[in-house]
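Undergrad: Mind looking at a prediction? Sequence and model below.
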Amino acid sequence: MKQKLLALLLAFSTMAMYSFASEDLMKEVNKIDVKDACNVQKRGIEKVLETAQKYNPLGVKMGLEFMRHKVTTSEYIDAVKKALKEHKKEVSFQKGEDQKQVFSVEFAAERACKFAVRALQQVKEAEESYRYAIPGDKFTY
């Protein structure tokens with residue numbers, strides 16, 4: 001009973017998230033190859049950053065923004081923009097007293113792009129595969 005209720009809640013929450021999302025943008029993001037779209041060497045920092053800026057607001061609106069080591073995708077995007085403006089080679093994040101993280105601008109841009117795109121792609125993947133996590137549905141023992 002609890003499992004079916006959980007599945008129903010998940011389905012409704014996903015539908016609610018789509019009501020906030022632009023259907024066209026969601027269809028578009030599911031066609032993206034993350035390795036190519038977020039490759040700084042091939043596309044350049046500016047193009048990769050544009051991709052991150054295009055998809056991250058939708059992820060934030062849907063409550064899906066990634067966070068890695070206490071740094072959100074939005075913070076990566078802002079740090080890369082600031083570093084490009086100031087012609088710096090590295091971005092740093094101070095999280096706590098002794099937790100300073102330093103990344104190259106290229107790596108931070110790539111990470112922001114991957115996080116922004118994958119957050120939205122995983123919504124579609126979750127819709128298609130959540131039933132596999134419920135014992136008795138789709139599993140054979």
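TA: Nice, thanks for sending it over. Numbering: from 1, shown residues only.

Undergrad: Just list the residues touching the spatially closest residue to residue 70 that is not a sequence neighbour, thanks.
TA: Distances taken as C-beta to C-beta, 6 or more residues apart in numbering place residue 95 nearest to residue 70, at 4.3 Å, with adjacent residues excluded. Where you see a C-beta, it was placed from the backbone N, CA and C, and this is true even at glycine. With C-beta atoms under 8 Å, 6 or more residues apart in numbering as the criterion, the residues that contact residue 95 are 69, 70, 71, 101.

Undergrad: I'd like the list of the residues you listed that fall within strands, please.
TA: Using DSSP state E, the members of the contacts of residue 95 that fall within strands are 71, 101.

Undergrad: Taking the contacts of residue 95, tell me the two that lie furthest apart.
TA: Between all members of the contacts of residue 95, the longest pairwise span (C-beta to C-beta) is found for 70 and 101 and amounts to 8.7 Å.

Undergrad: Report the set of residues contacting both of those two.
TA: With contacts taken as C-beta under 8 Å, 6+ apart, residue 70 and residue 101 have 93, 95 as neighbours in common.

Undergrad: Could you check which of those two is surrounded by more residues?
TA: Higher neighbour count among residue 70 and residue 101: residue 101, with 14 against 11, using other C-beta atoms under 10 Å.

Undergrad: So the more buried one is in contact with residue 92, correct?
TA: Yes - with contact taken as C-beta atoms under 8 Å, residue 101 and residue 92 are classed as touching, separated by 6.5 Å.

Undergrad: from the contacts of residue 95, which single one is nearest residue 53?
TA: For these, the minimum distance to residue 53 (C-beta to C-beta) is 16.4 Å, reached by residue 71.

Undergrad: Many thanks, I have nothing further to ask.
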